[in-house]
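Asks: would you be able to build a 3D model of this:
(one chain, ligands or ions: 1)
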Amino acid sequence: MSTTTGVARVADALGVLALRDAPLGARTTYRVGGTAAILVEARSMADLVAVAAANEGAALDVLVLGRGSNVLVADAGFDGIAITLGGDFESIEVGDDDHDGTVAVRAGGAVALPVLARRLAEQGLTGLEWAVGVPGSVGGAVRMNAGGHGNDTASSLRAAEVFSLRDATSSVRAASSLALSYRRSNLGPGEVVTAATFQVRRGDAAAAKRTIAEIVRWRREHQPGGPNAGSVFTNPPGDHAGRLVELAGAKGLRHGTAMVSEKHANFIQADTGGRADDVVALIAEVAALVQAHAGIALSTEVVLVGYPAAR
Ligand SMILES: Cc1cc2nc3c(=O)[nH]c(=O)nc-3n(C[C@H](O)[C@H](O)[C@H](O)COP(=O)(O)OP(=O)(O)OC[C@H]3O[C@@H](n4cnc5c(N)ncnc54)[C@H](O)[C@@H]3O)c2cc1C
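Replies: Here you go, the predicted model:
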């Protein structure tokens, strides 16, 4: 539900926590798209409890926004409550060494993955170096099972702490219960990853830092900068979406203010000041070309927000 009266009622209940008609697209790496009817910058569990209480009965749609590196917000905006995490959700706690050489690291849902990767490497803790190349948050990484360079979140995640906005309860979920698979989990939109515990290994700081430098170099060489959200499509089994897009002749294809990257065909760039709707139209065009050329139906990795079939 998202009626004007529902929005007004929830905003009233949230008081100063509610930012009305707040820029949302501007908080994403695409830097296009409209506003959120309500934006809450949650800095504590109490803030999340307040959101759950205010939305009880109104049942507005909710969106937890991490670093916005995998979402595309419609130009028309999002008519629900968008929640960002900060404050208490930004900590990194490194546990004691276990007898088997492993170390548990608890990171808040708002922690940026590159920060986590670098912080651990400096301490000689290895296993999350790959995360330096993924510009998301810990919460977004758990939800999307982010990964790269032969690794993913599932390979080192022990458990996630999840707050349910439906019933205002917190739970610790073992990684094995999250149904983590390629860019997927069973977490729903009303579930906020407030923290995650990873298992890393005591190793060589110099080697970990070299790995990080190599990943950063590789990314700069192979991926475009500018407004985008990384891979637009998931790779179909046994193939690469970028290869299929290129074979379909879509590299460099443009729709209004959006263009398929010349550097990496699975990236779609938005022009500065561009339109999310152009990006969505181009996604559909590219998918149709690949379907016609290779007979493969590509699925989007990017999460569409504020669009009719948004997930
Ligand atoms: C240049 C570039 C390169 C990229 N490379 C990679 C890559 O190599 N591998 C890869 O996997 N991804 C990659 N991505 C995509 C993206 O960085 C990841 O999907 C990342 O995990 C998204 O995290 P986020 O915090 O930005 O989430 P958002 O983009 O903000 O959100 C993505 C989804 O996660 C949900 N979410 C966010 N935070 C939380 C939370 N705290 N609790 C519950 N749900 C939450 C959102 O509701 C949404 O459904 C890339 C993106 C860019 C721009």
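Asks: all strands for the stretch 51-200 of the chain, in order.
Replies: For the stretch 51-200 of the chain, applying DSSP state E, counting those that start in this stretch gives strands covering 62-65, 71-73, 78-85, 92-97, 102-108, 125-126, 147-148, 151-152, 157-164, 169-174, 191-202.
Asks: ok, the first one: who's next to it in the sheet?
Replies: Each strand that strand 62-65 pairs with, and the sense of that pairing, follows from DSSP bridges: strand 78-85 (parallel).
Asks: which other residues reach the partner strand?
Replies: In this structure, residues lying in contact with strand 78-85 by Cβ atoms under 8 Å, 6 or more residues apart in numbering are 2, 7, 10, 22, 24, 27, 34-43, 48, 51, 55, 60-66, 108-110, 137, 139, 165, 192, 194, 305-306. To be clear about C-beta, it is placed using only N, CA and C from the backbone, and glycine gets the same treatment.
Asks: buried subset of these, written for ChimeraX?
Replies: Command for ChimeraX that selects the buried part of the contacts of strand 78-85, burial taken from 16 or more other Cβ atoms under 10 Å:
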select :2,7,10,22,24,27,34,35,36,37,38,39,40,42,43,48,51,55,60,61,62,63,64,65,66,108,109,110,137,139,165,192,194,305,306
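Asks: what's the most buried one of the strands of the stretch 51-200 of the chain?
Replies: With neighbours taken as mean count of other Cβ atoms under 10 Å, these reach their highest mean count in strand 71-73, at a mean of 29.
Asks: follow-up on the earlier one: from the contacts of strand 78-85, which land in helices?
Replies: Counting by DSSP state H, these place 7, 10, 48, 51, 55, 139 in helices.
Asks: rebuild the strands of the stretch 51-200 of the chain as JSON lines, extending it with mean pLDDT and distance to residue 185.
Replies: As requested, the strands of the stretch 51-200 of the chain are exported to JSON lines (pLDDT from 0 to 100; distance: least, Cβ to Cβ, whole Å):
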{"stretch": "strand 62-65", "mean pLDDT": "98", "distance to residue 185": "13"}
{"stretch": "strand 71-73", "mean pLDDT": "98", "distance to residue 185": "15"}
{"stretch": "strand 78-85", "mean pLDDT": "98", "distance to residue 185": "17"}
{"stretch": "strand 92-97", "mean pLDDT": "95", "distance to residue 185": "21"}
{"stretch": "strand 102-108", "mean pLDDT": "98", "distance to residue 185": "17"}
{"stretch": "strand 125-126", "mean pLDDT": "98", "distance to residue 185": "24"}
{"stretch": "strand 147-148", "mean pLDDT": "96", "distance to residue 185": "12"}
{"stretch": "strand 151-152", "mean pLDDT": "96", "distance to residue 185": "11"}
{"stretch": "strand 157-164", "mean pLDDT": "98", "distance to residue 185": "9"}
{"stretch": "strand 169-174", "mean pLDDT": "98", "distance to residue 185": "10"}
{"stretch": "strand 191-202", "mean pLDDT": "98", "distance to residue 185": "9"}
